[in-house]
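**Student:** Have a look; sequence and predicted model below, questions after that.
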There are 2 protein chains.
Amino acid sequence: MSYEQYKSYFRSAIDGMSGYTPGEQPKVMNLIKLNTNENPYPPSPEVLKVLKEYDAERLRLYPDPLCDKLRDVIAETYGCERENVIAGNGSDDILTIIFRSFTDSQHPVACLEPTYSLYPVLAGIQGCNVNKIQFNEDFSLPDDLLEKAASSNLLIITRPNAPTGNTFPLADIRRICAEFDGIVLIDEAYADFSDDNCLELAFEFNNVIVSRTVSKSYSLAGLRLGFAFACRELIEGMMKVKDSYSVDALTQAIGAAAIADQQYLQQTSTKIRASRQVLSDELRKIGFDIVESQANFIFAAPPHGEGEKIFKFLRGENIIVRYFPGEITGKYIRITVGNDEQNKALLEALHRFYS
Amino acid sequence: MSYEQYKSYFRSAIDGMSGYTPGEQPKVMNLIKLNTNENPYPPSPEVLKVLKEYDAERLRLYPDPLCDKLRDVIAETYGCERENVIAGNGSDDILTIIFRSFTDSQHPVACLEPTYSLYPVLAGIQGCNVNKIQFNEDFSLPDDLLEKAASSNLLIITRPNAPTGNTFPLADIRRICAEFDGIVLIDEAYADFSDDNCLELAFEFNNVIVSRTVSKSYSLAGLRLGFAFACRELIEGMMKVKDSYSVDALTQAIGAAAIADQQYLQQTSTKIRASRQVLSDELRKIGFDIVESQANFIFAAPPHGEGEKIFKFLRGENIIVRYFPGEITGKYIRITVGNDEQNKALLEALHRFYS
């Protein structure tokens, strides 16, 4: 194929941006993959059952655009009405819907820093300014958060936060929801690994959205299903922006089966929380500075803040963790809590390095 | 749950729009569903094989964000390089990516009228103007199309067109691609039911995108997989806008298996094209005015242009077709070509009405 000289017709915002960099999804085997906060345990056995029993012929028909059966399962599990739930193609899709609903060049977004690196990318695509509010040095919320966020139409609080893993007092979040003049999105991708969550705030305030995902606690990152809770009016508006058929038929069926199996969720989450405690303690013994985690990963600063050095050392040992360059984040590595075998291999490698 | 008084924080564009209305997906059984252009035949047997053999545990990992294996299958099947292919969550997702890449309040879109009703909805969300260019009375392209589209950054040509089902001379499309100063999207959702297609134009011009879907010809509307072809630079730019993990792991595996089975695609498409001919002939005998179709549906005006009346009559007979109100479209009904049994039931009902 030979084309004439290329002329770009992209919007300048797109030409000028570099896109989101997802964590490495290595295609080689025998790596210990602790870099993208996947669950080390398989999904609920109910998932396999749906897969084996699914009537492939049904795939010739469009899925339910409203995801009613799935939303009913979510509503029943989480204690609300179907009208309080929206489902999307992963919680990244939910985020996209929210950015397209509430932000543009006249309506900026506010988020904390450091946090999930997708937010500024979505802002770039949408052409809205990002009001980045620095955490305190210990990654707690700054006292003047509301003043700093005041000009924004959307405030995102990630709780537990990524990549730091810490959480914030529920009472503080409630006060922010009550006082912020705009939408508060509480991104709870990691809430199932936490002592508490903010779900009740979505049912208490009509400017609050709480989002969840099946990618982490439900072991279904490969499926792409996110959901969010809010008052009926917010859900109705977001449904206009949502692509009608964004959640495919298999995902609706598998997602409903996985979410209905809360017992399995509790079992695996409890195991991961116990492993998180052990891993945190062992890393501290080696000399790591640990951010107290309420998620399925640990943000850990190696001795002397040599984040990049340890990241590279572990890569050489076939262990992948995540490294975020930057003045503050660069001192750390982010380690997904794995299964016992993976955690042991990680600790053994680190012991070799520091012995 | 009791909320305080609701205040909208939605962008005014969202508050002011009504959202896309998808064709009815009835939840009752025993209906003859000829309203959303689904394929009456099941997907390739390879799809069932993938479903039965899929290792559910793999779903705990994120999918390949680049969809490389799937794109390789598409590239090999359609005769291009992986770098010329983008995959998305249905061709509606591909359309969204294209609108977000090339349109905004300063960059309008042009499309023909009547055509796929999602385009103006996507324009509304993106806040771009829509330059609607009327077809000639026989739904052929107007001679002054290029002059009328001149101020737009994106021109969409749906070929075969929906809901009319007709096509346009390839030579005319080539000339439009050569002369239009902007992106030409050729939406080929129905191309597999057509005598020819425009794929070669995506490899000839660096301002041309050709999009496809597995929803119609591959009998996989429930799966959500769309793909598009273009020069490397266009694909690279659109990849920045695409949600990293928009195509789930199962969809990548099932989609690749279905697309690789071209023999099955040819078999079912050939059957549908033969049924289309029979159905068109029979409808003409009853007195319908038929637009010559190159798609898997027939745009047919009942005697006296009583589109709505016949739509409602058929609904009462448990046969759903699609009706688009409007001065021109309101004279017609759009009938998806079904299997022999469905087509027979439709014709019998119409014979009863007109006898």
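**Tutor:** Received the coordinates, thanks.

**Student:** Just the buried positions in stretch A:155-175, please.
**Tutor:** Residues A:155-168, A:173-174 are the ones in stretch A:155-175 that count as buried (16 or more other C-beta atoms under 10 Å in any protein chain shown). (Each C-beta comes from the backbone N, C-alpha and C, glycine too.)

**Student:** and what of stretch A:136-151?
**Tutor:** Using 16+ other C-beta under 10 Å as the test for burial, stretch A:136-151 gives A:139, A:141, A:145-146, A:148-149.

**Student:** what do you get for stretch A:284-298?
**Tutor:** In stretch A:284-298, counting by 16+ other C-beta under 10 Å, buried: A:288, A:290-291, A:293-298.

**Student:** And that stretch, end to end?
**Tutor:** 11 Å (C-alpha to C-alpha, to the nearest Å).

**Student:** how far is that stretch from where the chain is centred?
**Tutor:** Distance of stretch A:284-298 from its chain centroid, counting by C-alpha atoms, centre = their mean, to the nearest Å, is 19 Å.

**Student:** who's in contact with it?
**Tutor:** Contact partners of stretch A:284-298, identified using C-beta atoms under 8 Å, 6 or more residues apart in numbering or on different chains, comprise A:37, A:39, A:139, A:160, A:162-167, A:190, A:193-195, A:216-217, A:272, A:276, A:279-280, A:283, A:299-303, A:332, A:334-337, A:347, A:350-351, A:354.

**Student:** Where strands are concerned, which of those count?
**Tutor:** Residues of the contacts of stretch A:284-298 located in strands (DSSP state E): A:299-301, A:334-336.

**Student:** Run through those and flag the ones next to chain B.
**Tutor:** With respect to chain B, and counting by C-beta under 8 Å from any C-beta of the partner chain, no part of these is in contact.

**Student:** Of all pairs in these, which one spans the longest distance?
**Tutor:** Every pair in these was compared (C-beta to C-beta); the two farthest apart turn out to be A:Ala301 and A:Thr336, at 16.5 Å.

**Student:** Looking only at neighbour counts, state which of the two leads.
**Tutor:** For A:Ala301 versus A:Thr336, neighbours defined as other C-beta atoms under 10 Å in any protein chain shown are more numerous around A:Thr336 (26 against 21).

**Student:** From what I see, the more buried one and A:Glu38 are in contact.
**Tutor:** Yes: counting by C-beta atoms under 8 Å, A:Thr336 touches A:Glu38, with 6.7 Å between them.

**Student:** So A:Pro26 lies in a strand, does it not?
**Tutor:** No: using DSSP: H, G, I helix; E, B strand; the rest coil, the assignment for A:Pro26 is coil, not a strand.

**Student:** and it, how many neighbours?
**Tutor:** A:Pro26 has 12 nearby residues by other C-beta under 10 Å.

**Student:** so which of the ones in strands among the contacts of stretch A:284-298 would you say is closest to A:Gly88?
**Tutor:** Closest approach to A:Gly88 among the ones in strands among the contacts of stretch A:284-298 (C-beta to C-beta): A:Thr336, at 23.4 Å.

**Student:** Figure out how far stretch A:225-242 is from the centre of its chain.
**Tutor:** Computed by C-alpha atoms, centre = their mean, the separation of stretch A:225-242 from the middle of its chain amounts to 18 Å.

**Student:** Quick check: buried residues in stretch A:103-111?
**Tutor:** For stretch A:103-111, by 16+ other C-beta under 10 Å, it's A:103-104, A:107-111.

**Student:** Go through the ones in strands among the contacts of stretch A:284-298 and name the one nearest chain B.
**Tutor:** A:Thr336 (11.5 Å; C-beta to the nearest C-beta).

**Student:** Next one: that closest one from A:Asn296, what distance?
**Tutor:** Counting by C-beta to C-beta, to the nearest Å, the separation of A:Thr336 from A:Asn296 is 6 Å.
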